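**Q** turn this into a model:
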Amino acid sequence: MTKRYFLEIAYKGTNYCGWQVQPKQVTVQSTLNHALSTILNTPTSTLGCGRTDSGVHARQFFVHFDTTRIPENFVFRLNKFLPPDIAIKRLISDVPPKAHTRFDATYRAYDYYVHFNKDPFLTQHSLYFPWLPLDIAAMEQAVQQLPQYTNFPMFCKSGHDSKTTLCTIFTTNLQYDEVGGTLHFHIAANRFLRGMIRRIMGCLLMIGKGKISLYDFTEVMEQEKPAFKQMNLSVAPQGLYLSEVRYPYL
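**A** Numbers count the residues shown, from 1 in each chain. From the prediction side, this is the model:
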């Protein structure tokens with residue numbers, strides 16, 4: 001009898017063309033599907049809780065798949081088969097028969113990291129942004145305003161296939177470490193538009209540089225106007241992490 005299972009995984013996205021299967025490209029999903037098909041000895045496909053872009057990382061990511069059996073030492077064998085930059089955290093068997101990792105998620109949190117001093121050990125894990133100083137106070141004000149809004153067409157990737165640009169933001173936070181030379185942006189919501197967080201981060205950095213005023217930012221947000229050029233910059237993917245996903249039944 002076929003049963004649905006969830007897998008909680010984590011991955012470093014540097015070597016992959018995003019999560020989703022793409023023709024002639026190495027992706028996290030295609031790599032995981034191949035591993036599952038090998039361990040289960042039958043063609044097996046997964047469906048993920050989102051679609052991270054090329055170079056984006058995930059500390060917590062859920063996938064679901066269906067199978068008639070789970071062999072012994074399944075997680076251990078799967079981890080041994082997978083490359084070092086993809087890790088299986090746990091197998092979850094106690095989920096509803098029609099549980100869906102993408103549509104059932106009620107909470108998603110992302111973190112974006114920036115460093116201001118050149119560091120070869122952070123190159124693939126954080127955005128190097130040497131253009132200081134930044135108006136951190138202005139950036140914090142913009143971050144605090146974000147949960148007031150529910151419609152985000154100004155941060156939506158062009159040519160998107162989203163049926164709506166509505167999102168409910170639960171929390172936002174910006175932490176600046178002057179001594180360590182780092183910046184950490186945290187945001188959680190019920191859903192996000194494709195490319196939304198990298199555009200928000202780009203906007204915040206332009207506010208910090210004085211290229212965008214808080215007045216302009218507020219006007220665009222409140223009137224739900226299309227973003228002007230300086231407000232529609234997408235930062236590089238390596239600083240972005242999907243950090244938490246929640247479900248009502250987990």
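**Q** check which helices and strands the helix or strand bottoming out on mean pLDDT in the chain is in contact with.
**A** One helix or strand of the chain scores below all others by mean pLDDT, DSSP states H and E: helix 214-223, with a mean of 92. If you count contacts as 3 or more C-beta pairs under 8 Å, 6 or more residues apart in numbering; DSSP states H and E, helix 214-223 packs onto helix 136-145, helix 196-208. For every residue, glycine as well, the C-beta is placed using N, CA and C.
**Q** now do the buried residues in the shortest one.
**A** Right, the one you point to is helix 136-145. Buried residues in helix 136-145, counted by 16 or more other C-beta atoms under 10 Å: Ile136, Ala138, Met139, Glu140, Ala142, Val143.
**Q** of the helices and strands packed on helix 214-223, which approaches Thr27 most closely?
**A** Closest approach to Thr27 among the helices and strands packed on helix 214-223 (C-beta to C-beta): helix 196-208, 18.5 Å.
**Q** neighbours of the nearest residue in space to Gln175 that is not next to it in sequence, how many?
**A** Nearest residue to Gln175, sequence neighbours excluded (C-beta to C-beta, 6 or more residues apart in numbering): His184, at 4.5 Å. Per other C-beta atoms under 10 Å, the neighbour tally for His184 reads 15.
**Q** distance from the strand ranked longest in the chain to the middle of the chain?
**A** Looking across the chain with DSSP state E, the single longest strand is strand 57-67. Between the centre of strand 57-67 and the centre of its chain there are 13 Å (C-alpha atoms, centre = their mean, to the nearest Å).
**Q** outline the domain layout of this structure.
**A** Using automatic domain parsing, the domains assigned to the chain come out as 3-92, 107-246.
**Q** where does the chain have low pLDDT?
**A** Scanning the chain for pLDDT under 70 picks out the ranges 158-162.
**Q** if we use 90, what do you get?
**A** Applying pLDDT under 90 to the chain picks out residues 1, 131-132, 156-164, 223-233.
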